[in-house]
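K.L.:
Have a look at this prediction, sequence included:
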Amino acid sequence: MIFILPLIAVALLMLPFVPIFAGKRTGKKMRFSFVFNLCAFAGICVLFVALPSMGAFAAETAEEVVPAAGGIAEAFKYLGAGLSVGLASLGGGIAVAGATPAAIGAVSEDPKNFGKSLIFVALGEGFAIYGILIAMMILNA
């Protein structure tokens, strides 16, 4: 049962992408699939938070109950580290996606602009490095 639920969750999350990869959905229908996928992900997250709190996965005997090593504080520490790396990388990717084509265009018009454009691309990549540093600080605290 413990191994089947995550597999069902992954299957439900990937279900909207099947028609997209098959080439049957484009445009507005594809947007609906992505919104459906996000809603399914949110629903599954709520289920995985609600089911254990309702006792759905209660232990059979007292010997199976193992106390958590760090408790809720340890869980939030790992959550914060993951969010800092993930969101910083996402922001860095968005910054690089905007700066790199502009830098390539500027360098193709005038090769003297290479140094200036490289700085803007590197600044966008710096966000991801800062996210990793913050995650290290959170995990070592």
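P.N.:
Happy to help now that I have it.

K.L.:
Chain neighbours aside, what residue packs nearest to residue 89?
P.N.:
residue 128 (4.5 Å; C-beta to C-beta, 6 or more residues apart in numbering). From N, CA and C alone the C-beta is placed, and that goes for glycine too.

K.L.:
any idea how far residue 44 is from that neighbour?
P.N.:
Using C-beta to C-beta, to the nearest Å, residue 128 is found at 27 Å from residue 44.

K.L.:
So between those two, which is more surrounded?
P.N.:
Taking neighbours as other C-beta atoms under 10 Å, residue 128 and residue 44 compare with residue 128 leading, 20 against 17.

K.L.:
what about that one, distance to residue 11?
P.N.:
Look at residue 128 and residue 11: by C-beta to C-beta, they are 31 Å apart.

K.L.:
neighbours of residue 140, just the number please.
P.N.:
Count around residue 140 with other C-beta under 10 Å applied: 8.

K.L.:
typo on my end, it should be residue 103
P.N.:
19.

K.L.:
Isn't it up against residue 120?
P.N.:
Yes: with contacts counted by C-beta atoms under 8 Å, residue 103 reaches residue 120, the gap being 6.3 Å.

K.L.:
which non-adjacent residue is nearest residue 132?
P.N.:
Nearest to residue 132 is residue 85, by C-beta to C-beta, 6+ apart, at 5.8 Å.

K.L.:
wait, what's in contact with that neighbour?
P.N.:
By C-beta atoms under 8 Å, 6 or more residues apart in numbering, the contact set of residue 85 is 128, 131-132, 135.

K.L.:
Quick one, which of the residues you listed are buried?
P.N.:
Applying 16 or more other C-beta atoms under 10 Å to the contacts of residue 85, the neighbour count classes 128, 131, 135 as buried.

K.L.:
Now do the same for the first one: its pLDDT.
P.N.:
This points to residue 128. Per-residue pLDDT puts residue 128 at 88.

K.L.:
Off-centre distance for the host helix or strand of it?
P.N.:
Per DSSP states H and E: residue 128 is located in helix 114-140. From the chain centre to the centre of helix 114-140 is a distance of 18 Å (C-alpha atoms, centre = their mean, to the nearest Å).

K.L.:
And that helix, what does it pack against?
P.N.:
helix 71-109 (3 or more C-beta pairs under 8 Å, 6 or more residues apart in numbering; DSSP states H and E).
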